[in-house]
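S.K.: Mind looking at a prediction? Sequence and model below.
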Amino acid sequence: MRILFISNNFPPEVNAPATRVYEHARQWVQDGHEVEVLTSAPHFPEGYVYDGYENAFATEAVDGIKVTRVPMYVSPNEGIFRRTLSFVTFMLSTRWFARRLQQKPDVVVATSPQFFAGVAGYLMSRYQRVPFVLEIRDLWPESVVAVGAMPRNAVIRFFERIERFLYEKADHIVVVTNAFKRFITQKGIDPGKITVLKNGADLGVWEEALDTDRIEALRRQHGLAGKFVASYIGTIGMAHRVDVMMEAAQQCTDPDVVFMVIGTGSEREKLEARQAELQLPNVRLLEKVTKDEVRYLLALTDVSVVHLRASPLFKTVIPSKIFEAMATRTPIVLGVEGETREIIEEADAGIPIRPEQADELVEAVLRLKNHTGLYARMAESGYRHVQTHYDRSKLARCYAVLLERVCGRSESFTPSKVEAIKAV
């Protein structure tokens, strides 16, 4: 197949959408498909274009993936008006540069969380007269309301109409959680046109050997020698309530425990201001790092903290960082309820807590620190679970089978591939 994938995010950005698109596309190319990713210049989440790139039309090749970047209004990941303007300009830019695509696709896939990328995908599919697949990674605009960025007003209702329009017009919808499928089905969309393809981990990358000297140098650099490290690694946004790590650090009386936060986002400055005020000796605040550096920081991490704000909406999401932690045999302290908690409990990969409860976070970290048998069991159990159920290469191949079906390529839809889709 010739696949056109539209996404606001792509490497060298390191957030979950960029990683998912890249790892799927790389696998598809390895399996003989042609993939073009239509995206923007890397800028997430700080809101400035990365060094070496320009906010202009450009093409490049990344591991056999054809990448076409279009200009847009670049905004930080904060402020609903500026972000919406950024999303709209990306949509308009994709349509403007449609004739300069490197190949005519057989299918167009567009990914959320922002629905204007979905609108761009729909318009592109009509222009190219090919099927349109909508991928839902986040329930937007519902998440905007859930984090308090905007009340449910006329603007949100307008976004919801766009949401419903895309659900109806898509030839197929791919979602990353079972809860998302239920949510969309409740809006009257045929469940037969919705497939759940969850996130996972590129096991080959996470199992690569690490430089032990580099690990020890990082340990010395950040004052972690002899420490038991609980790390939050990822976006520091309104949805994440990462300040619970600071609260936990204040409450923890074990001098050998360190709470480390790695990343950037709209709430980063508040964390820095809080640490400047408190000067907590058991807190480390590190800037965002590359995907390769994440592997080394996970090697320094004893417990991976995965946390979201206490909201009914966030019971429907599955943070992709849980799969990376399991792939590196790092037990998880999970402050997310719903489907994510079900995965962690089924995998026996960590200790669930109630979101936003710092005392429970401290208790879970100390339990893993002080019970080596429990720690070893959860580390190994999580690793086996991600190998069996969440290998990104296997999930990417299931995705490709689905796209073949949407394209009507019945001759390649063999019984074994049917079973692969049923398994998902």
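M.R.: Cool, the structure landed. Numbers count the residues shown, from 1 in each chain.
S.K.: ok, now how distant is Ala209 from Thr330?
M.R.: 17 Å (Cβ to Cβ, to the nearest Å). (Glycine included, C-beta is placed from N, CA and C.)
S.K.: Mind checking which of those two has more residues around it?
M.R.: Thr330 (23 against 5; other Cβ atoms under 10 Å).
S.K.: excluding its backbone neighbours, what's nearest the more buried one?
M.R.: Ser304 (4.7 Å; Cβ to Cβ, 6 or more residues apart in numbering).
S.K.: Kindly report the same for Met378.
M.R.: Spatial nearest neighbour of Met378, excluding adjacent residues (Cβ to Cβ, 6+ apart): Pro331 at 4.2 Å.
S.K.: Distance of that neighbour relative to Glu207?
M.R.: Pro331 is 18 Å from Glu207, by Cβ to Cβ.
S.K.: same check, this time on Phe180
M.R.: Look at Phe180 and Glu207: by Cβ to Cβ, they are 29 Å apart.
S.K.: what are the C-alpha coordinates of stretch 397-413, in PDB please?
M.R.: What follows is stretch 397-413, C-alpha atoms only, in PDB (Å, rounded to 0.1, in the frame of the first residue of the first chain):
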ATOM      1  CA  ARG A 397       1.300  -5.200  11.400                       C
ATOM      2  CA  CYS A 398      -2.300  -5.600  12.700                       C
ATOM      3  CA  TYR A 399      -2.800  -1.900  11.800                       C
ATOM      4  CA  ALA A 400      -1.500  -2.600   8.200                       C
ATOM      5  CA  VAL A 401      -3.900  -5.500   7.900                       C
ATOM      6  CA  LEU A 402      -6.800  -3.200   8.900                       C
ATOM      7  CA  LEU A 403      -5.700  -0.600   6.300                       C
ATOM      8  CA  GLU A 404      -5.600  -3.300   3.600                       C
ATOM      9  CA  ARG A 405      -9.200  -4.200   4.500                       C
ATOM     10  CA  VAL A 406     -10.200  -0.500   4.300                       C
ATOM     11  CA  CYS A 407      -8.600  -0.200   0.900                       C
ATOM     12  CA  GLY A 408     -10.500  -3.300  -0.300                       C
ATOM     13  CA  ARG A 409      -7.500  -5.400  -0.900                       C
ATOM     14  CA  SER A 410      -9.300  -8.700  -0.200                       C
ATOM     15  CA  GLU A 411      -6.700 -10.700  -2.000                       C
ATOM     16  CA  SER A 412      -4.200  -9.900   0.700                       C
ATOM     17  CA  PHE A 413      -6.700 -10.400   3.500                       C
END
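S.K.: and Thr39, backbone torsions?
M.R.: phi -150, psi -170 (degrees, to the nearest 10).
S.K.: Now do the contacts for it.
M.R.: In this structure, Thr39 makes contact with 6-10, 67-70, judged by Cβ atoms under 8 Å, 6 or more residues apart in numbering.
S.K.: cool, and Pro45?
M.R.: 15, 76-77, 235, 237, 264-266.
S.K.: switch the cut-off to 10 Å
M.R.: Counting by Cβ atoms under 10 Å, 6 or more residues apart in numbering, Pro45 touches 9, 13, 15, 75-78, 235-237, 263-266, 268, 288.
S.K.: Unless I misread the structure, it falls within a helix.
M.R.: No - counting by DSSP: H, G, I helix; E, B strand; the rest coil, Pro45 falls outside a helix, being coil.
S.K.: Could you check how far Thr301 is from His371?
M.R.: 18 Å.
S.K.: which one of those two has more residues nearby?
M.R.: Looking at Thr301 and His371 with other Cβ under 10 Å, you find the greater number of neighbours at Thr301, namely 24 against 12.
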